[in-house]
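> Here is a sequence together with a model predicted from it:
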Amino acid sequence: MSRKRALITGITGQDGSYLAELLLSKDYEIHGVVRRVAIEDPEHRLSRIRHLLDRVTLHAASLESYASIHSVVEAAQPDECYHLAAQSFVTYSFDDEFSTLNTNINGTHYLLSAVKRMAPRCRFYFAGSSEMFGAAAETPQNEQTRFRPRSCYGISKVAGYELTRNYREAYGMFAANGILFNHESPRRGYEFVTRKITSGVAKIAAGKQSKLALGNLSARRDWGHAREYVEAMWLMLQREQPDDYVVATGETHSVEEFAQVAFAAAGLDWRDHVVPNPTLFRPAEVHLLLGDASRANRELGWSAKTSFHQLVHEMLAADLEAQNISSAGATAG
Ligand code: NDP
Ligand code: GDR
């Protein structure tokens, strides 16, 4: 049998890099969509997939251009398409609503339409988000919970989710939505709060800074490990019938707890270093997210394995090592 072909948008991101590794381990032929500038600046922009570059085929395309997306799908002829590319930073979606909506909604629509025309049997995964729940009326949130997004990012993901569902129902495409809760790793972008904290702790431990400015410390999130969450994406596309799945740990922790655990693991007290900064609060906050992944557990056989403490310690250990500080203490937790 010939090798399965997968097309991954957002292959340069946290999830794209782990997913590419997973699919390569399963002997897939990998095609990735990247921005044109990435090919011209590989050292910086392809850093998360540097170790995979001789085993993946990259295509330059723009999520804002239907013609370029169409050409990539036509050339790659994928069996499975994982649509991970997005403006993924919620804070930025308040600063630039228009580009967030444009990239996240139109990009998804262009890709769905191109797949429908050029590779109609291709299985499609959409990277939906717990941000779609927003100010959820119930806790924990599951596949039936009503969406009440609180940002243009959340709104864009609801639109992508509905487009994906509609292509499944209207055109019979195998199109599945993952509703993934926050997932982190040493590859997380520095702008997200977990990595901001672990990289900040490491710099404080290295004597390079003494304070860390944070926004809303009482927000609570359900944080898992990205490497495990990309497995759930793959499992969704191996089902007989497409469906939508919540992927989460079933535990929630506050930003303050994350900071407390990370500072303590480096032998520091967070209260000596964290400085509240009201400008980092969002105009509309999602205060509490907690996922119920029992459908994924039942139908995909998936469950989260990495504990909250292990996650914090793994991220901190990587950031301490980047500062040439031994992480022996940090990994013990
Ligand atoms: P990252 O921010 O790490 O990666 C985003 C990817 O999208 C990058 O490859 C980026 O490319 C690409 N991208 C962004 N804008 C464009 C654009 N205009 N044109 C082409 N490519 C673009 O995100 P994650 O890996 O963390 O998340 C993957 C997906 O899952 C995203 O859709 C995110 O919204 C969603 N999600 C993430 C969760 C999480 O906790 N991580 C939870 C739920 C959903 P470049 O490197 O060139 O910037
Ligand atoms: P989130 O992640 O918005 O949940 O979206 P982020 O880490 O940015 O924020 C989590 C919570 O921390 C609070 N917070 C801060 N956040 C940032 N970034 N910086 C700070 O200084 C800070 N201080 C407090 C925030 O207010 C928020 O409550 C992530 C992204 O990966 C999305 O793409 C994805 O869809 C969701 O997770 C699920």
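Great, that's in hand. Residues are numbered from 1 along each chain as shown. Ligands and ions are numbered 1, 2, ... in the order given.
> Strands of this structure, residue ranges please.
Here the chain has its strands, by DSSP state E, at 5-9, 29-34, 56-60, 80-83, 123-129, 175-180, 183-184, 212-214, 220-221, 224-225, 245-247, 253-254, 274-276.
> Just give me the neighbour total for the closest residue to Ala284 other than its chain neighbours.
Closest residue in space to Ala284, ignoring its immediate chain neighbours: Arg150 at 4.3 Å, by C-beta to C-beta, 6 or more residues apart in numbering. Quick note: C-beta positions are derived from backbone N, CA and C, even for glycine. Neighbours of Arg150 under the rule other C-beta atoms under 10 Å: 21.
> What of the one 5 residues further on?
As a burial measure, the neighbour count of Ile155 was computed by other C-beta under 10 Å and equals 21.
> any idea how far Val158 is from the closest residue to it other than its chain neighbours?
Once flanking residues are discounted, Ile155 sits nearest to Pro149: 4.9 Å by C-beta to C-beta, 6+ apart. To Val158, Pro149 is 6 Å away according to C-beta to C-beta, to the nearest Å.
> distance of the closest residue to Tyr190 other than its chain neighbours from Ala20?
Take Tyr190 and drop its neighbours on the chain: the residue closest to it by C-beta to C-beta, 6+ apart is Ser199, 5.8 Å away. With the distance defined as C-beta to C-beta, Ser199 ends up 24 Å from Ala20.
> And those two? Which one has more around it.
Using other C-beta under 10 Å, the more surrounded residue of Ser199 and Ala20 is Ala20, with 25 against 22.
> I'd guessed the more buried one sits against Gly10; true?
No. With contact defined as C-beta atoms under 8 Å, Ala20 does not reach Gly10; the gap is 10.4 Å.
> and Leu101, what does it touch?
152, 155-156, 159 (C-beta atoms under 8 Å, 6 or more residues apart in numbering).
> shared neighbours of Pro149 and Val158, anything?
Joint contacts of Pro149 and Val158 (C-beta under 8 Å, 6+ apart) are Met132.
> what's the residue in the stretch 1-150 of the chain that ligand 1 sits nearest to sitting at in phi/psi?
Nearest residue of the stretch 1-150 of the chain to ligand 1: Gly13, at 2.1 Å (C-beta to the nearest ligand atom). Main-chain dihedrals, Gly13, degrees, to the nearest 10: phi -90, psi -180.
> ok, now which ones touch the nearest residue to it once chain neighbours are set aside?
Excluding its sequence neighbours, the residue lying closest to Gly13 (C-beta to C-beta, 6+ apart) is Leu84, at 6.2 Å. The contact partners of Leu84, by C-beta under 8 Å, 6+ apart, come to 8-11, 13, 15-16, 19, 127.
> per-residue confidence at Leu84?
pLDDT for Leu84: 98.
> Likewise for Ile39?
In this model, Ile39 carries a pLDDT of 87.
> Can you tell me, leaving aside adjacent residues, what's nearest to it?
Closest to Ile39 by C-beta to C-beta, 6+ apart is Ala60, at 5.5 Å.
> how far away is Ser185 from Ile325?
19 Å.
> rewinding a little: so the residue nearest to Ile155 touches Met132, yeah?
Yes. Applying C-beta under 8 Å, one finds Pro149 in contact with Met132, separated by 5.6 Å.
> The two: which is more packed in?
More neighbours surround Met132 than the other of Pro149 and Met132, with 26 against 20 (other C-beta under 10 Å).
> Report the buried residues of stretch 31-47.
31-34, 38, 46 (16 or more other C-beta atoms under 10 Å).
> Alpha carbons only: can I get that stretch in CSV?
What follows is stretch 31-47, C-alpha atoms only, in CSV (Å, rounded to 0.1, in the frame of the first residue of the first chain):
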residue,chain,number,x,y,z
HIS,A,31,3.2,18.2,3.2
GLY,A,32,3.2,21.5,5.2
VAL,A,33,1.9,24.9,4.3
VAL,A,34,4.1,27.8,5.4
ARG,A,35,4.3,31.5,4.7
ARG,A,36,6.6,32.5,1.9
VAL,A,37,8.8,34.5,4.3
ALA,A,38,9.4,31.3,6.3
ILE,A,39,11.2,29.7,3.4
GLU,A,40,13.5,32.7,3.1
ASP,A,41,14.2,32.8,6.9
PRO,A,42,14.3,29.1,7.9
GLU,A,43,16.7,29.5,10.8
HIS,A,44,14.2,31.7,12.7
ARG,A,45,10.8,30.8,11.3
LEU,A,46,11.2,27.0,10.9
SER,A,47,13.0,26.5,14.2
